[in-house]
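>>> Predicted coordinates and the sequence they were generated for:
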Amino acid sequence: MITTNTIASIPEIADDSRREIVRLNNVCKFYGQDDTLVKALDDVSFVIKEGEYCAIMGASGSGKSTCMNIIGCLDSSTSGQYFLDEQDVSDMEERDLAKVRNLKIGFIFQQYHLLPQLSAMENVMLPMAYANIRPKEQKERAAAALERVAMGHRLNNRPNQMSGGQQQRVAIARAIVNNPVMLLADEPTGALDSHTTAEVMELFGELNASGITVVMVTHEADVARNSHRIIWFRDGQIIHDRLSPSDLNHVI
Amino acid sequence: MDTWESFRMAGKTLAANRLRSTLTMLGIIIGNASVILMVGIGQGAQKYAAEQFQSLGTDVIFVITGTDNARRNVIAPPNRLVLADAEAIATQVPTVRSVAAQINGSELAIAGNNTKRATLIGTTDTYAIVRNAEVSAGRFFNEEDIKRNARVVTVGAAIAKELFPQGTAIGQTVRMRGTSYEVIGVMSEKGAFLGTNQDDTIFMPITTMSSRLTGKTSPYGVAVAVINVSATSNDNVDAAQFQISNLLRLRHRTSDINADDTFTIRTQQDALAIVGNITGALTIMLAAIAGISLLVGGIGIMNIMLVSVTERTSEIGLRKAIGASPSDILTQFTIEAVILSLLGGAIGTGIGVGGILLIAAVSPLQAGVSIGAITLAVGVSGGIGLFFGIFPARQAARLDPIVALRSI
């Protein structure tokens, strides 16, 4: 099937009973004014449902990063509504947004962003510390999360004692430890070699198979191919929204 | 994040940057140590001065011949105090315990091949009582010596040592202006105080001194420079002063109520108060200088914390992304600054106290470890940490997580 470059509508999803994790309704994000107005996001609407594995793609400046920041509650939109886990977060205060990020979103970054002065265990405990979870429970859950990403043998290692792939695994453990409704990965394999990339992608697949919603921003087609749905941005608008990545070659 | 967790986290972060943390604390350490040391030294000096005065007796009143004005004015000779005035004070003022008139001089003292310029004090036998002076050997001259114009002297400890280096001074002879005097006693060592050194002084009966050396007499008898008076108690000093003043005005016929005194009365308590004021001001000045260094230390903390915020932008971004609220970040950075300044304060206090103990051990200055200074210094350094830590912490708390995450 050949698709032309039209604004995609919200895709039909077979099982409609699933919870909506992300719902953007006519979201716009503008920078500057008048002559210098930049439309980073121009009337964007889409829904991501529970259990989806979704890649957001686009060239740099396409709006995919802005979209990720808004989905991640790191930025607010100029207009439109954003529901995260069926809760309107469009006009929340920074303090409440911090709580939402803490409990509902697991962030994974290109540069891992582990704190160098803390061990793997302590890094994974950090989100729970901000959630005011008892230290004993923090330790148990952190150990379990690290076990899940196959890092159970490196609990007390500092980030500088680990390889890039291992660091990213610890970062993934940190992202899932508070049982978020969504993993939000920003170029998760950008700093990894192809072998490690494959390992991390396998881990993403496993996590998604266990029911975790995964949203991944990437510009690498090979990485995006691992997902089940690709949202493609250009000039602040969605130009493709495909449930299957089979026709990805055509889009690129 | 609860406070205990925040403290642990801050401790970890500071321990991870040991060099930077130490350098940051250095300012506070120096500031704190200097505040405690300076206040300690100031108070030690105050105490030392007070003790010196105490050793002379705080119940002492000096009646000095002439007034400040009269002494400056050479044309109008002062209406001099005489020995009879001293006797009158002793017999007629009820709040007076003891009186010792005094003439001052300076003579070259010779004993064998040894010579020494000595301060000469001619006085009465009561001097030892009034001025808390004690003899270590022999005796002070007595009433009998004064009556007989006896050629006897009691010498200061330093004089005895220099004029008679090989042995006992008692029974030996000292020559001054061609006359020989027998040494009958040696004063115990007292040390210098405010320019006069009792150890360099030779004491002789006032009658002997006026007839043989000074020759200063007035129509009313032996002229004296100072009358040393001790009151019956510290509480009676003011009363004694008033009564002496009245008595002397009567005796010197200054009955006109508006006329100036022909004498000056100073009490040891006045002098003590003056010295206390001076040393108190000194202490405040020292503390103020030290306080400035504490302030500089605080600014040092702010400086490093600001650099630290810039350096740790991505850490702040990450913390915000995984759920730290602005107040969590504010707390974290403030606690780091407070820990640095409190720890620096504690180390500085240790150094300050150590320094004070060292000074007390090697010098006569009994520098006191003042709890007040420690409380102040540690309180101030904690406050400085809070005050100078808040600004960088607010900068950190305000960082936009997107911007913060982008900077790697």
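Ah, there it is. Numbers count the residues shown, from 1 in each chain, chains lettered A, B, ... in the order given.

>>> How are the strands of the stretch 201-350 of chain B distributed by residue range?
Secondary structure of the stretch 201-350 of chain B (DSSP state E, counting those that start in this stretch): strands at B:201-205, B:217-218, B:221-224, B:226-231, B:263-267.

>>> Tell me which other helices or strands the third one touches.
If I follow you right, that is strand B:221-224. strand B:81-82, helix B:83-92, strand B:96-111, helix B:206-209 (3 or more C-beta pairs under 8 Å, 6 or more residues apart in numbering or on different chains; DSSP states H and E). Every C-beta, even on glycine, is put in place using the N, C-alpha and C of the backbone.

>>> ok, and for the longest one, which residues are buried?
Neighbour counts using 16 or more other C-beta atoms under 10 Å in any protein chain shown place B:96-105, B:107, B:109-111 of strand B:96-111 among the buried residues.

>>> Next one: A:Met68 from A:Met216, what distance?
9 Å (C-beta to C-beta, to the nearest Å).

>>> ok, the two, which is more surrounded?
Taking neighbours as other C-beta atoms under 10 Å in any protein chain shown, A:Met68 and A:Met216 compare with A:Met216 leading, 26 against 21.

>>> Please tell me I have it right and that one contacts A:Arg225.
No: in this structure, A:Met216 is not within contact of A:Arg225 by C-beta atoms under 8 Å, at 11.2 Å.

>>> and the closest residue to chain A within chain B, what are its phi and psi?
Of all residues in chain B, B:Gly323 sits closest to chain A, at 2.3 Å by C-beta to the nearest C-beta. When read as degrees, to the nearest 10, the backbone of B:Gly323 gives phi 120, psi 10.

>>> Please apply the same query to B:Ser6.
phi -60, psi -40.

>>> which residues does it contact?
Counting by C-beta atoms under 8 Å, 6 or more residues apart in numbering or on different chains, B:Ser6 makes contact with B:328, B:331-332, B:335.

>>> With respect to B:Ala150, which of those residues is nearest?
For those, the residue nearest B:Ala150 by C-beta to C-beta is B:Ile335; the value is 80.2 Å.

>>> so how far is A:Cys54 from the closest one?
40 Å.

>>> Enumerate every residue touching A:Met92.
A:73, A:100.

>>> Check A:Asn102 too.
Contact analysis of A:Asn102 by C-beta under 8 Å, 6+ apart lists A:127, A:130-131, A:178, B:322-324.

>>> What score does it have for pLDDT?
A:Asn102 carries a pLDDT value of 94.

>>> Confirm it sits in a helix?
Yes: under DSSP: H, G, I helix; E, B strand; the rest coil, A:Asn102 sits within a helix.

>>> How about it: what's its closest non-neighbour residue?
Nearest non-adjacent residue to A:Asn102, counting by C-beta to C-beta, 6 or more residues apart in numbering or on different chains: B:Gly323, 2.3 Å away.

>>> returning to what we had before: got any residues that touch both of A:Met68 and A:Met216?
By C-beta under 8 Å, 6+ apart, the residues touching both A:Met68 and A:Met216 are A:56, A:184.

>>> circling back: wait, which of the helices and strands packed on strand B:221-224 is closest to B:Gly122?
Ranking the helices and strands packed on strand B:221-224 by proximity to B:Gly122 (C-beta to C-beta) places helix B:206-209 first, at 2.8 Å.

>>> How about residues contacting that closest one?
By C-beta under 8 Å, 6+ apart, helix B:206-209 touches B:83, B:101-103, B:105, B:120, B:122-124, B:145-147, B:149-152, B:222, B:224.
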